[in-house]
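[1] No sequence on hand, only this structure:
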């Protein structure tokens, strides 16, 4: 379409190449009791443990096994409680993220 539009102007046989500088939709979000809450760039096969590590790890007040991942698929919101502490210690299987996931690490209650 771009090449056709350029043909209508001053160019005879335009060649167009488009490069995506950044995919803004490929993000995951992490909040709560981690060192650096915020937005992370999603990478294929990104795990929950990887995201928490990139966010500076858990704070001392983190309720690790009460971590929640919120995901929207086909307009439906799913909330999954993930035992991140057990995953980190090898007692549970890792949880793999998808673009747009929201990770929430709550504060533990004493």
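    Done, it's in. Since the model is a prediction, treat every value here as computed from it, not as a measurement.

[2] Name the nearest residue to residue 101, sequence neighbours excluded.
    Spatial nearest neighbour of residue 101, chain neighbours left out: residue 28 (4.8 Å); criterion: CB to CB, 6 or more residues apart in numbering. All C-beta atoms are positioned from the backbone trio N, CA, C, and that covers glycine.

[3] before we move on, what about residue 109?
    With CB to CB, 6+ apart as the measure, residue 63 is the residue that lies nearest to residue 109, at 7.5 Å, once sequence neighbours are left out.

[4] Distance of that neighbour relative to residue 34?
    The span separating residue 63 from residue 34 equals 12 Å under the rule CB to CB, to the nearest Å.

[5] hang on, the earlier thing: touching, the residue nearest to residue 101 and residue 37? I think so.
    No - with contact taken as CB atoms under 8 Å, residue 28 and residue 37 are classed as non-touching, separated by 11.7 Å.

[6] related to what we said a few turns ago, so what sits against both of residue 63 and residue 34?
    residue 105 (CB atoms under 8 Å, 6 or more residues apart in numbering).

[7] Which one of those two is surrounded by more residues?
    Set side by side, residue 63 and residue 34 show more neighbours around residue 34, with 22 against 16, by other CB atoms under 10 Å.

[8] Tell me what that one is bridged to.
    For residue 34, the beta-bridge assignment (DSSP bridges) gives partners residue 58.

[9] Against residue 54, how distant is it?
    9 Å.

[10] Confirm for me that the residue nearest to residue 109 is in contact with residue 105.
    Yes - the criterion here is CB under 8 Å, and residue 63 meets it with residue 105 at 7.2 Å.

[11] my read is residue 3 is in a strand, agree?
    No - Residue 3 is assigned helix when assessed by DSSP: H, G, I helix; E, B strand; the rest coil, not a strand.

[12] what's in contact with the helix or strand bottoming out on mean pLDDT in the chain?
    Sorted by mean pLDDT, DSSP states H and E, the helices and strands of the chain end with helix 2-7, the least confident at a mean of 77. By CB under 8 Å, 6+ apart, the list of residues contacting helix 2-7 from outside reads 13-16, 18.

[13] Okay, and which of the residues you listed map to strands?
    Secondary structure of these is defined by DSSP state E; no position falls in strands.
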